[in-house]
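Visitor: The following comprises the amino acid sequence and a computationally predicted model.
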Amino acid sequence: MTTASMPRWPRLCAPVAAIWYAFGLSQCILGFLAMSDAAPMVIWIAYASACLLGIVGSAALLFTPTRAAMLFAISLVAALIYYVWLFTLGAPAGEDYAVAGMVIGVTLVLTLAARRLS
């Protein structure tokens, strides 16, 4: 699908999604710097990967929706790895449940929307 025939919503949604994931990446970096020994390195890598793939997927949403769907799906898997670890072996705070629901929900919606667009 060319950008000329693409609906308007991806052009509006992609920058907002990129900011969303950039905020998550900043939280990942701050969390790692503050307490890097609180989780194994693979968990920090999963967290950072989920955010980075979300940023790249947001950009891909404008040009290659099929690739964006794949990137969002991998981001969703990485986020699930992080949250499964957090809720089983980590020490979640009360707000972590709401944040996990929002992150997984937004990424799932973006994945399905990108698939529908392609």
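Guide: Nice, I can see it. Just so we're clear, the structure is a prediction, and the values are computed from it rather than from any experiment.
Visitor: list the contacts for residue 13?
Guide: Residues in contact with residue 13 (C-beta atoms under 8 Å, 6 or more residues apart in numbering) are 61, 110, 113. In this view, the C-beta of every residue, glycine as well, is placed from N, C-alpha and C.
Visitor: And the helices in this protein, which stretches?
Guide: Under the criterion DSSP state H, helices of the chain are mapped to 9-35, 41-63, 65-88, 94-117.
Visitor: The longest one to helix 94-117, inter-axis angle?
Guide: It stands for helix 9-35. Put simply, helix 9-35 runs at 150 degrees to helix 94-117, going by axes from the mean of the first three to the mean of the last three C-alpha atoms, to 10 degrees.
Visitor: Pull out the buried positions in helix 9-35.
Guide: Buried residues in helix 9-35, counted by 16 or more other C-beta atoms under 10 Å: 10, 13, 14, 17, 18, 20, 21, 24, 25, 28, 32.
Visitor: So for the fifth one, what's the nearest residue that isn't a sequence neighbour?
Guide: Distances taken as C-beta to C-beta, 6 or more residues apart in numbering place residue 58 nearest to residue 18, at 3.9 Å, with adjacent residues excluded.
Visitor: For that neighbour, the count of nearby residues, please.
Guide: 26 (other C-beta atoms under 10 Å).
Visitor: same thing with the one 5 residues further on?
Guide: Here the neighbour count serves as a burial measure; for residue 63 (other C-beta under 10 Å) it reads 14.
Visitor: switch to numbering from 40
Guide: Happy to do that; since the first residue is 40 now, the last one works out to residue 102.
Visitor: From residue 126, how far off is residue 136?
Guide: Per C-beta to C-beta, to the nearest Å, residue 136 is found 8 Å from residue 126.
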